[in-house]
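In: I would like the atomic coordinates for the input below:
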Amino acid sequence: MAVNDTNDPHAALRRDVRLLGDLLGQTIRAECGDAMLERVETVRALAKRARQGEPDAGAELNRMLQALDVDVAGPVARAFSMFLTLANIAEQHHRSRRRRDRARAGDAPQRGSLDESFARLLEAGVAPDALHAVASRLGIELVLTAHPTEVHRRTSLHIHNRIAVLLARLDRADIDATRTALVDRLHREIVTLWRTDEIRRRRPTPDEEARAGLLVFEQTLWDAVPAHVRALDDALERHTGRGLPRNATPIRFGSWMGGDRDGNPNVTPDVTRRVCAMARWIAADLYHREIATLREELSLADGSDELLAATGGAAEPYRALLRGVLARLAKTRADLGAVVRGEAERVPDDDIVDERELREPLELCWRSLVDTRAERIARGRLLDVLRRLDAFGVTLVRLDVRQESTLHTATLDAITERLGVGSYAAWDEAERTAFCTRELANPRPLLPLDFRGEGDVATVLDTFAMLAEVPRADLGAYVISMARSASDVLGVQLLQQSFGIREPLPVVPLFETRADLAAAPDVVSTLLATRAFRDRLDGPLQVMIGYSDSAKDAGRLAAAWALYEAQEKLVGVCEAAGVELLLFHGRGGTVGRGGGPTHAAILSQPPGSVNGRLRVTEQGEVIQAKFGTPALARRSLELYTTAVCEVSVRPPRAPAPAWRAVATRISEAATDAYRGIVRDDPRFVDYFRQVTPEPELGTLKIGSRPARRRTGGGVESLRAIPWVFAWTQTRLILASWLGVGEGLRAALEGDDRDTLLEMARDWPFLRATLEMIEMTLAKSEPRIAEYYESLLADDALRPLGDTLRARHRATERALLDALGRDTLLAASPVLRRSIDVRNPYVDPLNVLQAELLRRLRAHDDDALRDALIVTINGIAAGLRNTG
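Out: Okay, here's the model as predicted:
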């Protein structure tokens, strides 16, 4: 039964959530008995009453949950966790349904859609030719990473997707019998989900991580990409009178899965080889399926002279041509499967390795259809296959390799010591640069033939040896994490040359801390003034900027301004040198790691920093949230496309000098306040580890990479993901707001007040930044964090908790003052309602988690640990964020 209630646009969502909740309740009763369901309902009622302001209800809820035996606590946690997951599925489906209903009713197109954006831009004075030009040269590359923030097992995600499909079918069911059958199938899926172990019992290998990550191509992106490009083509035709050029490739994909070895010793050269083969294997299988269907469709008996000559005058020339293509794809698929399974080292030379081997016969089909006046047929499935080839090639993704700069320094140091020319590590920057430049110009081999190295040095050398063997089309860029100097880049170029890599990978410095971001323009300027670097620059200069570590280093507000300034200055440096700049954004999923709404984030970038091109990471749970269903995937691709088009043809104006001065002052005040707690307060590290589940996060086994770059150390050694994840679990979400209040208050209580209010109203960058922080404050619950503290923290640490909660209150007041609002999310009522509806289901999970942590730290126990993991998963689902 289709639902289109214009009086209550969320009636259908409530219906779905109620249905899923009822089916979950029936499942709990059948699996655990009436007493368990009654207990769950009692907890739910108490949590709702507590949220409505009944203090006795909150105290009773705490007492009840504290008293539960672990064999009861586990199913109770599971019930609330599953409900939140099912509610998320319903919400995601509802967004797609609302969009469909809006289009069916002829309502105004959705904000950020192709039609809405293009119409608005033209109405604002953008010339149709200018819009067409930027859309035709779009270069958006989404780089999927294996960052461990997806808490759900892949098995569970498959069930989630099936539930979403069934909800969509329910919308279209107009016969009671059909609805009954669909509800019965939904019930079976929920029972299956309940009986499926949601806990990872072992840490995934990098190969398994990559295989799981690449599934999104099979599930959604394989079909979503050509559908999106077709929609873009049609929208351009409607609004500018011209469609996309045939060679336009607006969307491509990269990956770090199996290539990111920074701090992950499990990613070896053999892993990278196998993952590259795995991606090709998936691509070959997908192309085989698609071209088999295309061959069935192209039953035409005639063809162009060119096609007939190529097929020897066959009766069905298209089928004859594609028969040979299918045979080669089948053989390629089988041979790649052997490599993936470790049964072979490489594929034979007669397999499809180069994209042109697949493109040429497809292009011949295209030319023949066009020449024989059958272009309408050509623009169907054949065009979609060609557009897939543009986006995915025969490798599906291009794999980046990432390694930390210090390992390259150690490797070059071992080489120079072996050569007897000194210690590269001991040299200053000028000496390192001179050495790299001199050796890049020297044709003789740098490495002695018998040099192998040991430990990390051997690992680095083996990686470059592998890069010399893997087909270049499989690889994207070489990213240097914690890059700080020009020699970091030149050293990697030298290592590539030393291993005879004929088509070197672009070397991409990743600037991560606030200080490194400030130094980035000078580093790039030095590189561009170095002839050895300029001579090897093929295409745009890529520079990566890190959102996660900069926020962990200086706080979210100061990091945002440091990132903005760095981008501005990098644009200026490259413009002065006559070099095209491609910024690579290392954004996380949460606000504390640079995440947030995609469209608003892109529109708030500095003028000239996008210019039709964008490279950005998609990490962990964000991949499922953006691309988990076909409708979500198409919408996400659309938002990327329209935002990049808009910011390219109508970039925001550069901030006025007065705005810059205020931004700098509030950034300094915010940094001082943030570091005063995180770095300078001797109580902080102990407090963090006592009141959050950070020490236990390793039990999640959600990624192949260790949580720390190195053992021991304080917050600085902790990766940004567990840093944010831990604070999110306790609902303080400190990583997203600490320091913000002090920064804003410094302006609001001084001479900068009017200027700051103007900036918050009129500057897209600051407005978007503050609104993302506003969202995290709305999700945070200091009262819940205080409960963790009451159970877990030493008495001596509790005054620090009081300080943090006071700062949270002050930050909320300052942010509302700056935005001119009375309450959080006053301008986002849908999001406000979503958070309010979820809170009574998340609160019991927090109470349980705090109690389980207390027990677990007193006595380690597998059942306690399992129940704890269920609460971690549930809170992540409820807040729609992990790390």
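In: The closest residue to Ala50 other than its chain neighbours: neighbour count?
Out: Counting by C-beta to C-beta, 6 or more residues apart in numbering, Ala50 lies nearest to Gly58, which is 3.8 Å off, once chain neighbours are set aside. For every residue, glycine as well, the C-beta is placed using N, CA and C. Neighbour count of Gly58, defined by other C-beta atoms under 10 Å: 19.
In: Okay, and Gly58 sits in which element?
Out: Of the helices and strands defined by DSSP states H and E, Gly58 is found in helix 55-66.
In: Would you mark the buried spots in that helix?
Out: For helix 55-66, burial by neighbour count (16 or more other C-beta atoms under 10 Å) applies to 57-58, 61-62, 64-65.
In: Tabulate these in a markdown table, adding columns for distance to Arg650 and pLDDT.
Out: Shown next, in a markdown table, are the buried residues of helix 55-66 (distance: C-beta to C-beta, whole Å; pLDDT from 0 to 100):
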| residue | distance to Arg650 | pLDDT |
| --- | --- | --- |
| Ala57 | 52 | 95 |
| Gly58 | 50 | 94 |
| Leu61 | 51 | 96 |
| Asn62 | 53 | 95 |
| Met64 | 56 | 96 |
| Leu65 | 53 | 96 |
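In: Residue ranges in the stretch 551-700 of the chain under the pLDDT threshold?
Out: By pLDDT under 70, the weakly predicted segments of the stretch 551-700 of the chain are 588-596, 698-700.
In: show me where it has strands.
Out: For the stretch 551-700 of the chain, the strands identified by DSSP state E, counting those that start in this stretch occupy 581-586, 613-619, in order along the chain.
In: Show residues contacting the longest one.
Out: For strand 613-619, contacts defined as C-beta atoms under 8 Å, 6 or more residues apart in numbering pick out 138-145, 147, 149, 254, 256, 540, 542, 582-589, 602, 626-627, 640, 644.
In: Over to the shortest one?
Out: Defining contact as C-beta under 8 Å, 6+ apart, one finds that strand 581-586 is touched by 139, 143, 477, 479, 508, 510, 512, 540-548, 567, 570-571, 574-575, 594, 609-610, 613-617.
In: Can you tell me the strand partners of it and which way each runs?
Out: Here the strand partners of strand 581-586, with direction, are listed using DSSP bridges: strand 541-546 (parallel), strand 613-619 (parallel).
In: residues contacting the closest residue to Asn247 other than its chain neighbours?
Out: Of all residues beyond its chain neighbours, the one nearest Asn247 is Asp390 (7.6 Å), with distances taken as C-beta to C-beta, 6+ apart. With contact set as C-beta under 8 Å, 6+ apart, Asp390 has these partners: 247-249.
In: Just give me the neighbour total for His288.
Out: Around His288 sit 18 other residues, with neighbours defined as other C-beta under 10 Å.
In: How far off centre is the helix or strand harbouring it?
Out: Following DSSP H and E, one finds His288 within helix 269-297. Distance of helix 269-297 from its chain centroid, counting by C-alpha atoms, centre = their mean, to the nearest Å, is 23 Å.
In: Please apply the same query to stretch 614-622.
Out: Taking the mean of its C-alpha atoms, stretch 614-622 sits 2 Å from the chain's own mean (C-alpha atoms, centre = their mean).
In: C-alpha coordinates for that stretch, PDB please?
Out: Listed in PDB are the C-alpha atoms of stretch 614-622, where the atom choice follows Å, rounded to 0.1, in the frame of the first residue of the first chain:
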ATOM      1  CA  LEU A 614      37.600  16.500  -5.300                       C
ATOM      2  CA  ARG A 615      39.200  13.500  -3.700                       C
ATOM      3  CA  VAL A 616      37.800  12.400  -0.300                       C
ATOM      4  CA  THR A 617      37.900   9.400   1.900                       C
ATOM      5  CA  GLU A 618      34.700   7.400   2.900                       C
ATOM      6  CA  GLN A 619      35.300   5.500   6.100                       C
ATOM      7  CA  GLY A 620      33.800   2.700   8.100                       C
ATOM      8  CA  GLU A 621      30.100   3.000   8.900                       C
ATOM      9  CA  VAL A 622      29.800   6.000   6.600                       C
END
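In: sorry, back to before: just the buried members of the contacts of Asp390?
Out: Looking at those with 16+ other C-beta under 10 Å, the buried ones turn out to be 248-249.
In: which two from the buried residues of helix 55-66 end up farthest apart in space?
Out: Looking at the buried residues of helix 55-66 by C-beta to C-beta, the two members farthest from one another are Ala57 and Leu65, with 12.5 Å of separation.
In: before we move on, back to that, I'd like the contacts of Asp390 laid out as JSON lines, including secondary structure.
Out: JSON lines is the format used below for those (DSSP: H, G, I helix; E, B strand; the rest coil):
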{"residue": "Asn247", "secondary structure": "coil"}
{"residue": "Ala248", "secondary structure": "coil"}
{"residue": "Thr249", "secondary structure": "coil"}
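In: Let me know the closest of the contacts of Asp390 to Arg813.
Out: Arg813 has its nearest neighbour among the contacts of Asp390 in Thr249, at 48.3 Å by C-beta to C-beta.
In: Would you agree the closest one is in contact with Gly139?
Out: Yes - Thr249 sits in contact with Gly139 when judged by C-beta atoms under 8 Å, with a separation of 7.3 Å.
In: which ones are touching Arg102?
Out: Residues in contact with Arg102, defined by C-beta under 8 Å, 6+ apart, are 108-110.
In: Would you mind writing the ChimeraX command to select the buried ones in these?
Out: Buried residues among these (16+ other C-beta under 10 Å), as a ChimeraX selection:
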select :109,110
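In: Wait, a helix at Leu495?
Out: Yes - when classified by three-state DSSP, Leu495 is found to be part of a helix.
In: show me what contacts Arg683?
Out: With C-beta under 8 Å, 6+ apart as the criterion, the residues that contact Arg683 are 796-797, 800.
In: If you go by neighbour count, which of those residues are buried?
Out: Buried by 16+ other C-beta under 10 Å: 797, 800, out of the contacts of Arg683.
In: Helices - which of the contacts of Arg683 land there?
Out: With helices defined by DSSP state H, the entries of the contacts of Arg683 inside them are Leu800.
In: If we go by neighbour counts, what in stretch 839-855 is buried?
Out: In stretch 839-855, counting by 16+ other C-beta under 10 Å, buried: 839-853, 855.
In: just stretch 577-587 next, same as before
Out: By 16+ other C-beta under 10 Å, the buried positions in stretch 577-587 come out as 577, 579, 581-587.
In: Show me the helices in the stretch 151-300 of the chain, by range?
Out: 154-172, 176-195, 206-216, 222-240, 269-297 (DSSP state H, counting those that start in this stretch).
In: Buried residues in the first one, which are they?
Out: The neighbour-count criterion (16+ other C-beta under 10 Å) identifies 154, 156-168, 170-171 as the buried residues of helix 154-172.
In: Now do that helix and helix 176-195, the angle between them.
Out: Here the directions of helix 154-172 and helix 176-195 differ by 160 degrees (axes from the mean of the first three to the mean of the last three C-alpha atoms, to 10 degrees).
In: Poorly predicted segments of this protein, please.
Out: Within the chain, the ranges that satisfy pLDDT under 70 run 1-7, 147-152, 588-596, 698-720, 881-883.
In: sec struct for the residue sitting furthest away from the middle of the chain, please.
Out: Relative to the mean C-alpha coordinate of the chain, counting by C-alpha atoms, centre = their mean, the farthest residue is Gly313 (50.3 Å). Under three-state DSSP, the three-state class of Gly313 is coil.
In: Distance check, it against Leu307.
Out: Computed as C-beta to C-beta, to the nearest Å, the Gly313 to Leu307 distance reads 10 Å.
In: that older thread, now list the buried members of the contacts of strand 613-619.
Out: The neighbour-count test (16+ other C-beta under 10 Å) marks 138-145, 147, 149, 254, 256, 540, 542, 582-589, 602, 626-627, 640, 644 as buried among those.
In: Just confirm Arg367 contacts Asp305, I think it does.
Out: No - with the criterion set as C-beta under 8 Å, Arg367 and Asp305 do not qualify as a contacting pair; they are 10.7 Å apart.
In: the more surrounded of those two?
Out: Comparing Arg367 with Asp305 by neighbour count (other C-beta under 10 Å), the higher total belongs to Arg367, at 15 against 10.
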